[in-house]
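Novice: no sequence for this one, just the structure:
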């Protein structure tokens with residue numbers, strides 16, 4: 001008796017066994033690898049939302065996002081639900097060989113798909129307009145004024161007096177300037193619970209001030225001072241938030257990062273006074289060398305004349321010379337003159353080339369300003385000197 005021919009299809013029971021085995025192996029693998037489904041699911045859900053807002057303005061932006069996201073979710077499930085219902089309800093069945101009745105118009109449906117989107121757009125317009133006005137609002141007397149200067153490729157921050165005004169008193173001297181954009185002692189340190197007015201300026205190209213936890217970005221445009229206000233919430237005291245330039249500003253764009261440190265009001269007041277006092281303190285002169293110590297001239301002999309400082313000028317984001325010469329095994333000085341207004345520069349010295357070992361790094365100087373660098377003794381050889389903020393500013397130091 002001939003056997004019945006095979007259809008070429010897998011047995012449903014075999015298919016179910018294979019699927020079950022795959023699922024069991026997958027669960028075992030997740031357990032062995034320490035897979036936490038709850039943590040992963042929380043991470044997936046949180047990825048749909050912006051980070052925690054640490055400012056009052058950021059909270060309003062977050063509320064607007066939640067409204068837009070909620071409307072989008074409702075629309076998504078309504079549309080997808082109707083698509084699935086239509087596919088199932090009107091799927092073709094056995095014996096359906098004729099076209100169903102054709103509908104050529106439906107006034108109710110046309111009114112619904114016209115009126116509902118119009119109402120949604122109107123609601124989003126009003127909500128966005130109200131949020132924009134709230135975010136851009138500025139008080140007549142903010143409790144604190146700070147200026148952020150974005151230059152290729154470094155942030156610096158100036159704490160301003162209360163009478164500063166970019167129009168009537170733009171030359172007011174800052175109370176304090178921070179030229180290190182990152183780290184515990186660098187960046188922007190701010191008090192919580194106070195209204196802060198932040199001015200933004202750029203001496204070169206367009207940059208952008210962006211802190212993800214602020215849920216806000218504002219461009220920094222050369223020749224124009226942009227500004228905005230915010231208040232860091234009290235519960236975020238002690239936090240540090242990372243910021244960056246969010247506008248492609250040149251080859252060193254990836255270096256333009258900064259930190260924002262939030263402090264309680266009393267702690268901030270103490271910190272600010274200490275920083276101002278340290279900045280205003282004049283360096284004490286070195287103690288006199290004991291008589292007869294090494295390096296002191298013999299009695300009756302005059303001290304050898306000190307070597308004249310090397311002169312180095314920064315102007316138009318370039319050094320005025322590409323070659324310097326210094327004596328070997330002897331301390332020397334560099335008289336650095338930064339003539340680029342509002343642009344920070346420094347001078348670093350590395351062995352051989354810019355990638356060599358660092359032997360000296362001077363403080364950052366924001367122009368126009370001068371700085372006398374004291375360089376320790378160097379052995380004879382060739383060194384590279386350059387600006388770490390603008391590496392294209394470079395030259396060769398010959399020590400002989």
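Specialist: That came through, no problem. Only a predicted model underlies this, so the values are computations on that prediction, with no experimental measurement involved.

Novice: Would you tell me which helix is longest in this structure?
Specialist: Longest helix of the chain, by residue count under DSSP state H: helix 56-89.

Novice: tell me what that one is packed against?
Specialist: Helix 56-89 is packed against helix 107-136, strand 216-220, strand 226-230, with contacts defined by 3 or more C-beta pairs under 8 Å, 6 or more residues apart in numbering; DSSP states H and E. No exception for glycine: its C-beta is placed from N, CA and C like everyone else's.

Novice: What is the distance between that helix and the centre of its chain?
Specialist: How far helix 56-89 lies from its chain's middle: 30 Å, per C-alpha atoms, centre = their mean, to the nearest Å.

Novice: Now it: average pLDDT?
Specialist: Across helix 56-89, pLDDT averages out at 93.

Novice: Same question for it: list its buried residues.
Specialist: The neighbour-count check on helix 56-89 (16 or more other C-beta atoms under 10 Å) flags 56-58, 60-62, 64-65 as buried.

Novice: Could you dump those residues into CSV with distance to residue 221 added?
Specialist: What follows is the buried residues of helix 56-89, written out as CSV (distance: C-beta to C-beta, whole Å):
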residue, distance to residue 221
56, 25
57, 20
58, 22
60, 24
61, 22
62, 27
64, 25
65, 26
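
Novice: thought residue 365 was touching residue 336?
Specialist: Yes: with contacts counted by C-beta atoms under 8 Å, residue 365 reaches residue 336, the gap being 6.3 Å.

Novice: circling back to that earlier point, is it possible to export the helices and strands packed on helix 56-89 to JSON lines including distance to residue 188?
Specialist: Output for the helices and strands packed on helix 56-89, formatted as JSON lines (distance: least, C-beta to C-beta, whole Å):
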{"stretch": "helix 107-136", "distance to residue 188": "19"}
{"stretch": "strand 216-220", "distance to residue 188": "14"}
{"stretch": "strand 226-230", "distance to residue 188": "12"}
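
Novice: And the ones you listed: which comes nearest residue 360?
Specialist: Shortest distance between residue 360 and these, using C-beta to C-beta, is found for strand 216-220: 31.4 Å.

Novice: so that closest one versus helix 107-136, what angle?
Specialist: 60 degrees (axes from the mean of the first three to the mean of the last three C-alpha atoms, to 10 degrees).

Novice: model confidence over strand 216-220, on average?
Specialist: For strand 216-220, mean pLDDT rounds to 93.

Novice: buried residues in that strand?
Specialist: For strand 216-220, the neighbour count (16+ other C-beta under 10 Å) marks 216, 218-220 as buried.

Novice: so where's the stretch 51-200 of the chain uncertain?
Specialist: Of all residues in the stretch 51-200 of the chain, none has pLDDT under 70.

Novice: ok, now the stretch 301-400 of the chain?
Specialist: Low-confidence segments of the stretch 301-400 of the chain (pLDDT under 70): 301-306.

Novice: those strands in it, which residues are they?
Specialist: Listed in chain order, the strands of the stretch 301-400 of the chain (DSSP state E, counting those that start in this stretch) span 310-314, 323-326, 332-338, 344-345, 348-351, 358-361, 365-366, 369-375, 381-386, 394-399.

Novice: In this structure, which residue is most central in space?
Specialist: Centrality entry for the chain: nearest residue to the mean C-alpha point is residue 244, 1.6 Å, by C-alpha atoms, centre = their mean.

Novice: give me phi/psi at that one?
Specialist: Main-chain dihedrals, residue 244, degrees, to the nearest 10: phi -160, psi 170.

Novice: what residues are up against it?
Specialist: 210, 256-258 (C-beta atoms under 8 Å, 6 or more residues apart in numbering).

Novice: Tell me the buried residues in stretch 331-345?
Specialist: Neighbour counts over stretch 331-345 (16+ other C-beta under 10 Å) mark 332, 334, 336-338, 340, 342-345 as buried.

Novice: How far off centre is it?
Specialist: Put simply, stretch 331-345 sits 27 Å off its chain's centre (C-alpha atoms, centre = their mean).

Novice: gap between the two ends of that stretch?
Specialist: Stretch 331-345 has an end-to-end distance of 22 Å (C-alpha to C-alpha, to the nearest Å).

Novice: nearest spatial neighbour of residue 164, skipping sequence neighbours?
Specialist: Of all residues not flanking residue 164 in the chain, residue 172 sits nearest, at 4.4 Å (C-beta to C-beta, 6 or more residues apart in numbering).
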